[in-house]
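**Q** compute the structure for the input listed below.
(chains A and B)
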Amino acid sequence: MVNYQAAALDRVFAVLGDPTRRAILARLEQEECVTVSVLAQPFAIKLPAVMKHLDVMADAGLITRAKHGRTVDVRLSPEPLREAADWLARYERFWSPKLDRLTAHAEAREREARRGENKATDE
Amino acid sequence: MTSLTLVRRIAARPSIVFEALTTAEGLSAWWGPDDLPVIKAEIDARAGGAYLVRFRTADGAEHEAFGELLEVDPPRRVVMSWRWALGGEPEELGRTSRIEFEVRPAEDGSELTFTHAQLRNDASVASHRHGWTGAFDKLERVLAAAPPDPI
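**A** The predicted structure is shown next:
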């Protein structure tokens, strides 16, 4: 179960790691339902390349596609994004206070170092 | 590939930040949970060297993380593998992560960029190092717009 979830998360992050796919997600966030050909228009790449990106996004569960006659409608399916966000939130809760303490520690050390340097200059 | 990036501006010179990352005394000062002491910290700050940090959480449980230093480039960069020897998150047991600290000089000190990634595919870590921030800003908006289905 855990491994399955981890693999599913990897697929979501693989989608988010690509600028074309992020642009497609952003578009689907604005418009509820967009046809594949309309989605492909802003990109310099050809339709089959866009279709491949959509396959990756569908595998990750981030979009759904439905055929209507000669067009294919694409919709955003945000639930896997929520899981990815939960993963990030959990690790952010783990690391963030540590980095705050690291910051406080290093800043205290910097103040000590400066006091030492000032003293050396005064003498 | 799952990865988390956090950035901190620190009013301290890079060499001081780097020392906090690569000395036992430095690690002891920040690795434990708030107000709870690190029980033991050891680090051999060379590429290939080992480190471990043992600490206690509020419930009294002891946790120990350990790993290997994969890259050490003072005062700019240190990369470590990281896994639990004891305690930690049950789902993380037996899995190795990669943690990476980049220290850049900034106007009034340093900028620290921290990355935590799973260690499954290093090429993937490298190729995904950039571009998360924009993706997650969007992701937050998407999630805010679409509440979960009640079960």
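**Q** thought A:A14 was touching A:H53?
**A** No. Counting by CB atoms under 8 Å, A:A14 stays clear of A:H53, with 11.0 Å between them. (Glycine included, C-beta is placed from N, CA and C.)
**Q** and the spatially most central residue of chain B, what element?
**A** Central residue of chain B (CA atoms, centre = their mean): B:I99, 4.5 Å from the mean position. Per DSSP states H and E, B:I99 falls inside strand B:97-106.
**Q** just the CA atoms of that strand, as PDB, please.
**A** Presented in PDB, the C-alpha positions along strand B:97-106 are these (Å, rounded to 0.1, in the frame of the first residue of the first chain):
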ATOM      1  CA  SER B  97      16.400  10.100   1.300                       C
ATOM      2  CA  ARG B  98      18.800  12.700   0.000                       C
ATOM      3  CA  ILE B  99      19.100  16.000   1.800                       C
ATOM      4  CA  GLU B 100      21.000  18.900   0.200                       C
ATOM      5  CA  PHE B 101      22.100  22.200   1.600                       C
ATOM      6  CA  GLU B 102      23.200  25.100  -0.700                       C
ATOM      7  CA  VAL B 103      24.600  28.100   1.000                       C
ATOM      8  CA  ARG B 104      25.000  31.300  -1.100                       C
ATOM      9  CA  PRO B 105      26.400  34.600   0.100                       C
ATOM     10  CA  ALA B 106      23.500  37.200   0.400                       C
END
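**Q** mind listing the strands the helix or strand just after it pairs with, and their directions?
**A** Heading C-terminal from strand B:97-106, the first helix or strand you meet, by DSSP H and E, is strand B:109-118. Strand B:109-118 sits in its sheet next to strand B:3-10 (antiparallel), strand B:97-106 (antiparallel), going by DSSP bridges.
**Q** where do the domain boundaries of chain A fall?
**A** For chain A, automatic domain parsing gives the domain ranges A:2-77, A:78-123.
**Q** out of those domains, nearest to B:D44?
**A** Judged by CB to CB, the one of the domains of chain A that comes nearest to B:D44 is domain A:78-123, at 19.7 Å.
**Q** please see if the closest one touches chain B.
**A** Yes. Domain A:78-123 is in contact with chain B by CB under 8 Å from any CB of the partner chain, via A:78-79, A:81-82, A:84-85, A:87-88, A:91-92, A:95-107, A:109-110, A:113.
**Q** next SSE after the helix-or-strand element of chain A with minimal mean pLDDT?
**A** The helix or strand of chain A with the poorest confidence is helix A:2-16; it has a mean of 75 (mean pLDDT, DSSP states H and E). The helix or strand immediately downstream of helix A:2-16 is helix A:19-30, counting by DSSP H and E.
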